[in-house]
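> structure for the following, please:
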Amino acid sequence: MENDRNGPFQPARRGFLKAGGAAAVAATALGKAAAAQALPVVANDDPYRAVEPFFGPHQGGIVTPQQSHTYVVALDLTTDKRDDVIGLLRAWTDAASRLTRGEPAASIDGPDDRPAGDSGEALGLGAARLTITFGFGPGLFALEGKDRYGLANRRPAALVDLPRFNGDQLVPEKTGGDLFIQACANDAQVAFHAVRQLARIGSGIAHIRWGQAGFLSGPRDETPRNLMGFKDGTNNPSIKDTQVMDEFVWAGSEGPGWMQGGTYTVVRRIRITLEHWDQMERGFQESVFGRQKKSGAPLGKAKEFDALDLEAADKDGNPVIPDNSHVRLSNRATNNGAQILRRSYSYNDGTNFYIERWPPWRQETEYDAGLIFIAHQRDPRTGFIPINERLAKFDMMNQFTTHIGSAIFACPPGARPGSFIGAALFES
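Numbering: from 1, shown residues only. Predicted structure coming up:
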């Protein structure tokens, strides 16, 4: 579907995104596009034609039923001008509202001597339930002690620098970022296309720091399985329970007003040594998770959603669900009632050569595969951080997993038609 309401769109450059005329052009385009976007989700059984709304009180891609593919990127800002950042967010909002409707980011028709406004690889593919979620990293507020954009005093207390957890092997090139884009869709090319267009618009103002594609497999309305073969997300709080979402996911009045209705998102890239895992007996694997592999039921129970019995013991007095199993250590009952909303994806980046520096000193080609762990919460200080501190120290799964990437972002509430994402942050 072509949308040429405002004439040919030019790829964003620093000059285009400066305040004044550029901001006015972006605002005009946004206002016209927003009117069409402020519509309810289009009910469609075709996963390629279904549409998720972009504008609303919350951003999409957080409590939206999970799509089958994602592409996530973090970007570093290279400009020192506040107006450039505002112009970029305006342009991104306009483009995202088009993309989530299944339209090009901008018109692909225009003068032959200039690049088209959209690369075109998603033409005809439909919206595929595309959602685009934006987040702000600590570097937007201050970098190396410098208040680049006059926002340092507006950084939320909950947007903390994540501590180093036991066993972390973080790679700088896969860690951090000033801005965050998460595109989720029922088609891998639609998700990648969205990120590609947004990164392109940011040329000269922000560049990609890291990116990662992910996928999710499983029948609709069933808990998906991760690459370790276990169901992943059984104990998630229900996204249909608005009271629970308000309590554990959406930021409230305890923080700055510009974040109310937003969420704090932690992203971790976790590599899994699948070759090692695949040599383990099923019974041991189930002890690691604390669940049955086939059904997903807690050990000692019959069905996936049966309640955990953390007090159950076997005939020898040993816990049926081991003390250092993943499900016990991550459960809200052992974390002072804390909950986070996990919205993770598997990834497979092919293979690479691996050398161990400890027995058995393996040298072999291994899968570069694992989990893109994504968790949304009201406050990471009471959510992800204390939960992961326990897991990092005691979880049996640690012998098969290594956290190699990490980032945290404040994802503001959804944009209003006629405005742009994160607008309230920049209000004086």
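
> quick one: low-confidence parts of the stretch 201-350 of the chain?
Within the stretch 201-350 of the chain, no stretch has pLDDT under 70.

> so where do the helices sit in it?
242-248, 274-277, 282-289, 326-330 (DSSP state H, counting those that start in this stretch).

> now render these as TSV, adding mean neighbour count and distance to Ala423.
Heads up, the C-betas are built off the backbone N, CA and C, glycines and all. Formatted as TSV, these follow (neighbours: other C-beta atoms under 10 Å; distance: least, C-beta to C-beta, whole Å):
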stretch	mean neighbour count	distance to Ala423
helix 242-248	15	22
helix 274-277	16	44
helix 282-289	17	43
helix 326-330	22	36
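
> state the number of residues packed around the residue nearest to Arg49 when sequence neighbours are not counted.
Once flanking residues are discounted, Arg49 sits nearest to Gly126: 4.7 Å by C-beta to C-beta, 6 or more residues apart in numbering. If you count neighbours by other C-beta atoms under 10 Å, Gly126 ends up with 21.

> now for Gly126: which residues touch it?
Neighbour list for Gly126: 46, 48-50, 102, 187, 190 [criterion: C-beta atoms under 8 Å, 6 or more residues apart in numbering].

> mind listing the strands the longest strand along the chain pairs with, and their directions?
Counting residues, the longest strand in the chain under DSSP state E turns out to be strand 363-377. Using DSSP bridges, the strands paired with strand 363-377 in its sheet are strand 263-272 (antiparallel), strand 341-342 (antiparallel), strand 345-355 (antiparallel).

> next, the buried residues of stretch 215-235.
215-216, 223-228, 230-234 (16 or more other C-beta atoms under 10 Å).

> before we move on, what about stretch 351-371?
367-371.

> how about stretch 154-171?
Buried, per 16+ other C-beta under 10 Å, within stretch 154-171: 154-156, 158-159, 162, 165, 168, 170.

> what does stretch 383-390 give?
Residues of stretch 383-390 classed as buried: 383-385, 387-388 (neighbour count, 16+ other C-beta under 10 Å).

> nearest to Ala375 among these?
Nearest to Ala375 among the buried residues of stretch 383-390 is Phe384, at 5.3 Å by C-beta to C-beta.

> returning to what we had before: tell me the phi and psi of the residue nearest to Arg49?
phi 80, psi 170 (degrees, to the nearest 10).

> from Ile62, how far off is it?
22 Å (C-beta to C-beta, to the nearest Å).

> just the strands in this protein please.
69-77, 131-136, 179-185, 206-215, 263-272, 341-342, 345-355, 363-377, 401-411.

> could you chop this protein up by domain?
For the chain, automatic domain parsing gives the domain ranges 10-137+176-215, 216-417.

> can I get those in JSON lines with distance to Lys146?
What follows is those, written out as JSON lines (distance: least, C-beta to C-beta, whole Å):
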{"stretch": "domain 10-137+176-215", "distance to Lys146": "9"}
{"stretch": "domain 216-417", "distance to Lys146": "19"}
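
> how about those domains, which one is nearest Glu427?
Proximity to Glu427 (C-beta to C-beta) singles out domain 216-417 among those, at 7.5 Å.

> what's the offset of the closest one from the middle of its chain?
Counting by C-alpha atoms, centre = their mean, to the nearest Å, domain 216-417 is centred 14 Å from the centre of its parent chain.

> what is the end-to-end distance of that domain?
31 Å (C-alpha to C-alpha, to the nearest Å).

> between the domains of the chain, which one is closest to Tyr149.
That would be domain 10-137+176-215 among those, by C-beta to C-beta, at 4.3 Å.

> if we can go back for a sec, CA atoms only for the longest strand of the chain - export them in CSV, please.
Output of strand 363-377 as CSV, limited to C-alpha atoms (Å, rounded to 0.1, in the frame of the first residue of the first chain):
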residue,chain,number,x,y,z
GLN,A,363,38.7,-27.3,20.0
GLU,A,364,35.7,-27.5,17.7
THR,A,365,33.2,-25.6,15.6
GLU,A,366,30.1,-24.9,17.6
TYR,A,367,26.7,-23.2,17.1
ASP,A,368,26.6,-19.6,17.9
ALA,A,369,23.0,-19.9,19.1
GLY,A,370,21.0,-19.2,22.2
LEU,A,371,18.4,-16.8,23.6
ILE,A,372,17.6,-13.1,23.2
PHE,A,373,16.3,-12.6,26.7
ILE,A,374,14.0,-9.6,26.8
ALA,A,375,12.3,-8.6,30.1
HIS,A,376,9.9,-5.8,30.7
GLN,A,377,9.2,-4.5,34.2
